[in-house]
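[1] with the input below, show me the fold.
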Amino acid sequence: MVVVDANDKVLGRLSSLVAKKLLDGENVTVINASNAVITGTPAVILEKFAQKRARGSRKNGPFIHRQPESILRRAIRGMLPIRKKRGRVAYTKLIVHNSNPDKVKKIQTIGKGLPEVKTKFIRLKAISEFLGARVR
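    Numbering: from 1, shown residues only. Alright, predicted model coming up:
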């Protein structure tokens with residue numbers, strides 16, 4: 001089992017690396033999902049999420065997730081061949097936590113963190129709060 005800390009990691013880079021590990025057949029647990037970041041101007045990113053949320057209807061969708069762990073799961077799902085059996089099996093081996101549970105001890109560092117990123121960014125926690133989620 002691989003435990004990945006998403007604290008200060010870029011969402012897309014983290015998602016692709018986790019997807020590769022899942023396709024290799026490993027069980028992956030991602031912790032601290034609310035501290036993952038999306039690079040770009042925060043106002044533009046929030047506007048894109050608001051447009052996604054406003055599109056469609058509550059009854060018929062599309063249904064946009066509001067919780068940080070759900071946003072991260074969806075990003076990882078987008079990197080998997082979900083319509084094929086190996087993609088569906090790999091997706092079932094993914095666990096995402098919003099914080100660090102007590103039982104998780106050894107953590108593997110994967111992907112680039114904020115010290116390497118020199119652009120503007122916004123955390124998933126701020127996006128979730130903007131969309132109306134109550135983040136713990």
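[2] for the host helix or strand of residue 48, output the C-alpha coordinates as CSV.
    Element membership for residue 48, per DSSP states H and E: helix 42-54. Taking Å, rounded to 0.1, in the frame of the first residue of the first chain, the C-alpha atoms of helix 42-54 are listed here in CSV:
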residue,chain,number,x,y,z
PRO,A,42,-7.2,32.2,-8.3
ALA,A,43,-10.0,34.4,-9.8
VAL,A,44,-9.9,32.6,-13.1
ILE,A,45,-9.9,29.2,-11.5
LEU,A,46,-12.9,30.1,-9.3
GLU,A,47,-14.7,31.5,-12.3
LYS,A,48,-14.2,28.2,-14.2
PHE,A,49,-15.5,26.2,-11.3
ALA,A,50,-18.5,28.5,-11.0
GLN,A,51,-19.3,28.1,-14.6
LYS,A,52,-19.1,24.3,-14.3
ARG,A,53,-21.4,24.5,-11.3
ALA,A,54,-23.9,26.7,-13.0
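[3] what are the contacting residues of it?
    Helix 42-54 is contacted from outside by 38, 62, 64, 120-122, 126-127, 130-131, using C-beta atoms under 8 Å, 6 or more residues apart in numbering. Using the backbone N, CA and C atoms, a C-beta is placed for each residue, glycine as well.
[4] in the residues you listed, find the pair that's most separated.
    Greatest spatial distance among the contacts of helix 42-54 (C-beta to C-beta): 62 and 120, at 27.1 Å.
[5] measure residue 97 to residue 24 for me?
    21 Å (C-beta to C-beta, to the nearest Å).
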